[in-house]
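Peer 1: Pasting the sequence and the predicted coordinates here, then a few questions.
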Amino acid sequence: MPKNSNYTDIMEKNHMEIPWHDYVKNDSNVLIAKAGLIEKASVIGRVGLIMLSCGTGAWRVRTSMNRLSKELGVTCTVDVGLMSIEFNCFDGTDCVSQSLSIANTGVNTSKLYRMEQFVDNFPKEEAHLTGEEIHRRLDQIEKIHTLYSPAKLGLASALACCAFTFLLGGGPVEMILAFIAAGVGNVIRTKMIKHHFTLFFNIAVSISAACMTYAICFHLAEIFFHVSALHEAGYICSMLFIIPGFPFITSGIDLAKLDLRSGLERLSYSVIIVLVATMFAWIMALLLHFHPQDFSALNLAVGTKLILRIITSFCGVFGFSIMFNSSIPMAATAACIGAVANTLRLELVDYTSTPPAAAAFAGALTAGILASIIKRNNGYPRISLTVPSIVIMVPGLYLYRAFYNLGIMSLTEAVLWFSSAIMIIVTLPLGLIFARILTDRTFRYCS
């Protein structure tokens, strides 16, 4: 295969591109509010599809489409899934039905921020433009791909997993090794995403690469620095960049709003990622003779541990937020929220004997309330702040240990780890949902 070839040289695209500009007349001076129903529906549908491609949930997609529909004088009914939208637009005389889909799902918080601004400003700005001019603006927003190179995204995942390692109980050796391994794994993952490799292949290769890198670095450290074999436990942390935080959290929010199709599809997508990742991590552990064991105790003073938890929580959330394509200010804002919420969670577990699931609920509730307060001042999408700030609370370590014990037929241990993980996973979106109920009165009602 030629050196510069990509997947388009191998096969035709399975998802045809939509010629949005064909729905409007280039020479038309008719404003969108006075245009025909087909032209209005093309704008409404495209806005919903772009928002869906950013990773936001069905409730936000439908709300945005409804706001545009009301402004354009049409009635819109929408059915949203993980990767597709079916909707109908009525104007009292005619009806237009469309079924739209995206080729792949992902997370892009910068594009989501621009889209929310577009929807908020539509009555003042875009409503006074023609359909062609609106589609040109959407063209510009749609061109917002990743803000960072694979190397920078690798560095972000390295920082996140390094911080994650400390928060899970690891020491300096595990943190350094996880930093290197996670960075390599995520660079490979972003490269494969860029070349449109399928989800399963992407996960398998990036997880295997991270585990292999950790093993190589660990054995080199054993040879040259006489590192103890106890430090092999950190290999689990080197693959936590794969945690599907956005679909996990948005699935819970969609289910709370009875958007069952979207909620169940997002939950299924999240479970697929976790199962494939843990299975290949388990296979690599068997090949490399690694065993998931507890970290060595660090014996830090209470004050020192608190300060380090705040710092590492900030760094971990900042790294995950960059991986979600947030701008530096947005990532720093999410990191400040995470530093407060995650530190609170850990302190509750350590010093008040609060069960981990209840502490996770308190942490997520705190993150949701802080994000709502901040959104009123700077307009950042709430979900772009809350998901990075609580993804560091997702029990990836528990899930992996559950699968590992299941693989070696230690069923009692597997059930215990699964039970603990599921309890925490359920309480995280619940915390955000109740924060939304408390701070957003439009979210309280089912209508």
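Peer 2: Cool, the structure landed. Just so it is clear, the structure is predicted and the values come from calculations on it, not from any experiment.
Peer 1: Show me where this structure has its strands.
Peer 2: 75-80, 84-90, 95-101 (DSSP state E).
Peer 1: so what does the second one touch, helix or strand wise?
Peer 2: Translated: strand 84-90. Where contact means 3 or more Cβ pairs under 8 Å, 6 or more residues apart in numbering; DSSP states H and E, strand 84-90 is packed against helix 37-53, helix 58-72, strand 75-80, strand 95-101. All C-beta atoms are positioned from the backbone trio N, CA, C, and that covers glycine.
Peer 1: Turn the strands of the chain into CSV, columns for mean pLDDT and mean neighbour count.
Peer 2: Formatted as CSV, the strands of the chain follow (pLDDT from 0 to 100; neighbours: other Cβ atoms under 10 Å):
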stretch, mean pLDDT, mean neighbour count
strand 75-80, 94, 18
strand 84-90, 94, 19
strand 95-101, 93, 15
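Peer 1: Residue 23: which of those is closest?
Peer 2: strand 95-101 (10.1 Å; Cβ to Cβ).
Peer 1: which regions of the protein sit below the pLDDT cut-off?
Peer 2: For the chain, the stretches with pLDDT under 70 are 1-13, 26-27, 447.
Peer 1: Now do the contacts for the spatially most central residue of it.
Peer 2: Taking Cα atoms, centre = their mean, the centroid of the chain lies closest to residue 246, which sits 2.9 Å from it. Counting by Cβ atoms under 8 Å, 6 or more residues apart in numbering, residue 246 touches 55, 107, 324, 383, 387, 391.
Peer 1: Contact partners for residue 293?
Peer 2: Taking Cβ under 8 Å, 6+ apart as the test, what residue 293 contacts is 230, 232-233.
Peer 1: State the phi and psi torsions of it.
Peer 2: phi -120, psi 170 (degrees, to the nearest 10).
Peer 1: Please report how far it lies from residue 222.
Peer 2: From residue 293 across to residue 222, the span is 16 Å (Cβ to Cβ, to the nearest Å).
Peer 1: Could you do residue 382 as well?
Peer 2: Distance from residue 382 to residue 222, by Cβ to Cβ: 46 Å.
Peer 1: My guess is residue 300 contacts residue 308. True?
Peer 2: Yes. Counting by Cβ atoms under 8 Å, residue 300 touches residue 308, with 7.0 Å between them.
Peer 1: And these two? Which one has more around it.
Peer 2: residue 308 (16 against 13; other Cβ atoms under 10 Å).
Peer 1: Would you mind confirming that residue 385 makes contact with residue 375?
Peer 2: Yes. Counting by Cβ under 8 Å, residue 385 touches residue 375, with 7.2 Å between them.
Peer 1: intersection of neighbour lists for those two?
Peer 2: Counting by Cβ under 8 Å, 6+ apart, nothing touches both residue 385 and residue 375.
Peer 1: Compare these two and say which is more crowded by neighbours.
Peer 2: Applying other Cβ under 10 Å to residue 385 and residue 375 shows that residue 385 carries more neighbours, namely 30 against 20.
Peer 1: Report the buried residues of stretch 223-242.
Peer 2: 227, 231-242 (16 or more other Cβ atoms under 10 Å).
Peer 1: I should have written stretch 206-220 there, sorry.
Peer 2: Buried-residue list, stretch 206-220, by 16+ other Cβ under 10 Å: 206-215, 217-218.
Peer 1: how close does residue 46 get to residue 99?
Peer 2: For residue 46 relative to residue 99 (Cβ to Cβ), the value is 13 Å.
Peer 1: before we move on, back to that, taking the buried residues of stretch 206-220 one by one, which sit in helices?
Peer 2: 206-215, 217-218 (DSSP state H).
Peer 1: of those, closest to residue 289?
Peer 2: Scanning these for proximity to residue 289, where the rule is Cβ to Cβ, the winner is residue 215, at 8.9 Å.
Peer 1: With adjacent residues omitted, what lies nearest to the closest one?
Peer 2: residue 288 (4.6 Å; Cβ to Cβ, 6 or more residues apart in numbering).
Peer 1: check contacts around the one you found.
Peer 2: Neighbours of residue 288 in contact, by Cβ under 8 Å, 6+ apart: 211-212, 215, 235.
Peer 1: Kindly report the same for residue 324.
Peer 2: Counted by Cβ under 8 Å, 6+ apart, residue 324 has contacts 55, 107-109, 246, 384, 387-388.
Peer 1: Just those residues: which are in helices?
Peer 2: 109, 246, 384, 387-388.
Peer 1: Buried subset of these, written for ChimeraX?
Peer 2: Buried members of the ones in helices among the contacts of residue 324, defined by 16+ other Cβ under 10 Å, are picked up in ChimeraX with:
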select :109,246,384,387,388
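Peer 1: Including distance to residue 24, could the ones in helices among the contacts of residue 324 go into JSON lines?
Peer 2: Output for the ones in helices among the contacts of residue 324, formatted as JSON lines (distance: Cβ to Cβ, whole Å):
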{"residue": "109", "distance to residue 24": "29"}
{"residue": "246", "distance to residue 24": "32"}
{"residue": "384", "distance to residue 24": "31"}
{"residue": "387", "distance to residue 24": "35"}
{"residue": "388", "distance to residue 24": "37"}
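Peer 1: Can you give me the buried ones in stretch 311-319?
Peer 2: 312-319.
Peer 1: wait, stretch 354-363
Peer 2: For stretch 354-363, by 16+ other Cβ under 10 Å, it's 354, 356-363.
Peer 1: Tell me the one of the contacts of residue 288 nearest residue 262?
Peer 2: Among those, and counting by Cβ to Cβ, the member closest to residue 262 is residue 211, at 32.9 Å.
Peer 1: so who does the closest one touch?
Peer 2: 181, 235, 238-239, 281, 284-285, 288, 290.
Peer 1: Just give me the closest of the residues you listed to residue 68.
Peer 2: Nearest to residue 68 among those, with distances taken as Cβ to Cβ, is residue 239, at 40.8 Å.
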